[in-house]
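>>> The following block contains a protein sequence and its predicted model.
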Amino acid sequence: MKRVTAALMVAGLCLPSAAFAHGASRLKLTESVEINAPAARVWKLIGNFHDMSWLPGVVKTTGSGGNDPGKAKRELTLQGGATIDESLDRYDADNMTYSYFMDKVDVKVLPVSDYSSTLVVMPDGDKTRVTWRAAFFRADQNFNPPPGLDDDAATKAVDAIYKPGLAALKTKAETPGATN
Amino acid sequence: MSRARFVRRSLTVAALLLGTAAIAAPAAADEAFVTDQNGNSVSVLDLATKKAVATIQVGGKPAGIAMAPDGKRAYVTSPEGPYVSVIDTAARKVLSKITAGRDPLGIAIDPSGRFVYVADFDTKHLEKVDTNAGRVVGEVSVGTSPCGVAVSPDGKTIVVADRDDDQISIIDAASFTRVGVVKVGQHPFGITIGPKGQRAYTADVVSNTVTVVDLAGRKVVGTVKTGLRPYVVAVNDRYGFVTDEYVGTVTVFDTKTLKPVTKINVGDYPEGIEFSSDGKTVYVANWFSNDVWAIDATTFKVTGKMPTADGPRAFGTFIRKTP
């Protein structure tokens, strides 16, 4: 069974440029968490595009361009060695938000395409609301994508990062002295 | 409250109380018919009261829309239908569904209201639908992954953004044949013809530009730098307004100098954009934040925000002038 899934994924990878076909429509997903810590402290943890250490599974962030939209690029190295390339599209420190685009990812790591994402840190009294939202297509944008490359798989995969990611951020931000 | 504002508000209240009873409606208000792709519906917004007044279920992940010039019908593409829904705008209901291609996306209507042109994203065709007969009556080959479609004000010329060929196709409406191809920026998505009918403007999503094409000369006359991931252009005599999807802005440029004038912050993932029937307001559909924003076309100030169902795209002409 596992081999079949892998074969399907390879088939998906080998599809020609028709992989952009419009049979798919864009999906959206929003997760948020309330954190019992001031917004400034939370922003200090996640406000640097070149530090994704708060996200479980990311072992290294390298890149260049600082927090300069249009210039900044980063490469995330995940546990197991897979990498994800991303570039910064929008950065607004005053409003504690940034947006980025995923330039390159193996569909075996994350079965999505044309993925873009925004993080927003919003003060809520002496607490903080962090919202993480994604816009993406499934990995195989053709009609009738195989299981694993369909809408459902894409949404589940993103949610499987966002939920524990925000939970880990909450724990880190609420732990005294944990700020970098 | 200032006296003037008090008087104005009182008049508004009076108008609301009087309702529709036997009183001539004030100067024609517009409505917006917004395709909600994720919600599978069309949201109808009253642009005078800035409220949602109806939701029409269409299914099939609706994306494109063409409003009939007389405002009586709206034609909505559902790529995952795949079909085109014919909507009775006053009754807020779907009259019929027409099969037009395998993956209908962009759509435009000719000034007489007789023919609707549908870009079939998968098959490199533009379909011609006779709205009287309710079926496809013609087909012409265009480039790869055709997206936006526009018709000149005189109805004689149709243009199509062939996204994956980085070009536009120019089609003679009478003979329904392709008469020209012009290379533009990378991956043109939306395409709009200016009010004089002389120029086409493409939003090139990968190169972050608007390409301006002289239709008679079939050549590029200029390029405008936009924000990230430009999607659709609205053009009047003086300015072009471009939705920049990934940065949540509208880039305004001067149509004479082709230089940027300003950027306006709007909602998240702005897509469809069009002027009110009097040209004074620009409406923008924000796909992620599920709303439509109104912008003053002269001062560039945001003047209203209206909620829609999930995933508003409004890709095409979505403003209806009510009778």
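That came through, no problem. Numbers count the residues shown, from 1 in each chain, chains lettered A, B, ... in the order given.

>>> beta partners of the nearest residue to A:Ala167 once chain neighbours are set aside?
Among residues not flanking A:Ala167 along the chain, A:Val33 sits closest, at 6.8 Å (C-beta to C-beta, 6 or more residues apart in numbering or on different chains). From N, CA and C alone the C-beta is placed, and that goes for glycine too. In this entry, A:Val33 is beta-bridged to A:Val130, by DSSP bridges.

>>> do A:Met102 as well
The partner residues for A:Met102, given DSSP bridges, come to A:Glu86.

>>> so who does it touch?
Neighbour list for A:Met102: A:Ile84, A:Asp85, A:Glu86, A:Leu110, A:Val112, A:Tyr115, A:Ser116, A:Ser117 [criterion: C-beta atoms under 8 Å, 6 or more residues apart in numbering or on different chains].

>>> Just give me the closest of the residues you listed to B:Gly304.
A:Ser116 (26.7 Å; C-beta to C-beta).

>>> what kind of secondary structure is the closest one in?
Classification of A:Ser116 using DSSP: H, G, I helix; E, B strand; the rest coil returns strand.

>>> What score does the nearest residue to it once chain neighbours are set aside have for pLDDT?
The shortest distance from A:Ser116 to any non-neighbouring residue, by C-beta to C-beta, 6+ apart, is to A:Phe101 (4.7 Å). In the predicted model, A:Phe101 carries a pLDDT score of 96.

>>> Check which helices and strands the strand or helix carrying B:Tyr201 is in contact with.
Assigned by DSSP states H and E, B:Tyr201 belongs to strand B:199-204. Helices and strands touching strand B:199-204, by 3 or more C-beta pairs under 8 Å, 6 or more residues apart in numbering or on different chains; DSSP states H and E, are strand B:146-151, strand B:188-193, strand B:209-214, strand B:230-235, strand B:239-244.

>>> for chain A, which spans come out with low pLDDT?
Within chain A, the segments meeting pLDDT under 70 span A:1-23, A:177-180.

>>> try it again with 90
A:1-25, A:140-145, A:176-180 (pLDDT under 90).

>>> Give me the distance from the longest helix along it to the chain's centre.
Criterion DSSP state H: the longest helix present in chain A is helix A:151-174. Its chain's C-alpha centre and that of helix A:151-174 lie 9 Å apart, by C-alpha atoms, centre = their mean, to the nearest Å.

>>> Near the closest residue to B:Ala108 other than its chain neighbours, how many other residues are there?
Spatial nearest neighbour of B:Ala108, chain neighbours left out: B:Val149 (4.1 Å); criterion: C-beta to C-beta, 6+ apart. B:Val149 has 29 neighbouring residues, counting by other C-beta atoms under 10 Å in any protein chain shown.

>>> so what secondary structure elements neighbour the longest helix of chain A?
strand A:27-35, helix A:39-46, strand A:112-124, strand A:127-138.

>>> picking up where we left off before, what's the burial count for the residue nearest to A:Ser116?
18.

>>> residues in contact with it?
Counting by C-beta under 8 Å, 6+ apart, the residues that A:Phe101 touches are A:Glu86, A:Ser87, A:Asp89, A:Tyr115, A:Ser116, A:Ser117, B:Tyr246.

>>> Run through who's touching the longest helix of chain A.
With C-beta under 8 Å, 6+ apart, helix A:151-174 has contacts from A:24, A:27, A:29, A:31-37, A:41-42, A:45-46, A:54-57, A:110-112, A:115, A:128, A:130, A:132, A:134, A:136-139, A:145, A:147, A:178.

>>> can you state the direction angle for that helix and helix A:39-46?
120 degrees (axes from the mean of the first three to the mean of the last three C-alpha atoms, to 10 degrees).

>>> State the three-state secondary structure for the residue nearest to A:Leu45 when sequence neighbours are not counted.
Distance criterion C-beta to C-beta, 6+ apart; nearest residue to A:Leu45, sequence neighbours excluded, is A:Trp54 at 5.4 Å. Here A:Trp54 is coil, with the state taken from three-state DSSP.

>>> quick one: A:Trp54 and chain B, what's the gap?
A:Trp54 sits 23 Å away from chain B, taking C-beta to the nearest C-beta, to the nearest Å as the criterion.

>>> And for B:Leu52, the neighbour number?
Quick fix: residue B:52 is Ala, not Leu. 18.

>>> typed the wrong thing, it's A:Asp151
16.

>>> for B:Pro323, same thing?
9.

>>> Strand partners (parallel or antiparallel) of the helix or strand harbouring A:Lys60?
Remark: A:Lys60 resides in strand A:58-64, with elements defined by DSSP H and E. Strand A:58-64 has the following strand partners under DSSP bridges: strand A:73-78 (antiparallel).

>>> Okay, buried residues for the strand it pairs with please.
Judged by neighbour count (16 or more other C-beta atoms under 10 Å in any protein chain shown), strand A:73-78 contains these buried residues: A:Lys73, A:Arg74, A:Glu75, A:Leu76, A:Thr77, A:Leu78.

>>> For chain B, see how far away the last one is.
Read that as A:Leu78. 24 Å.

>>> quick one: that residue and A:Val59 touch, right?
Yes: in this structure A:Leu78 lies within contact range of A:Val59 using C-beta atoms under 8 Å: 6.7 Å.

>>> you'd agree B:Leu126 is in a helix?
No: assigned with three-state DSSP, B:Leu126 falls outside any helix and is strand.

>>> Run through the bridge partners of it.
Under the criterion used (DSSP bridges), B:Leu126 bridges to B:Ala119, B:Val140.

>>> who are the neighbours in contact with it?
So B:Leu126 contacts B:117-120, B:139-140, B:142, B:146, B:149, B:158, B:160, B:169, B:171 (C-beta under 8 Å, 6+ apart).

>>> quick one on the thing from earlier: buried ones in the strand holding A:Lys60, by neighbour count?
A:Val58, A:Thr61, A:Gly63.

>>> same deal with stretch A:144-164?
Buried residues in stretch A:144-164 (16+ other C-beta under 10 Å): A:145-146, A:148-151, A:153-155, A:157-158, A:161-162.

>>> Nice, that's everything, thank you.
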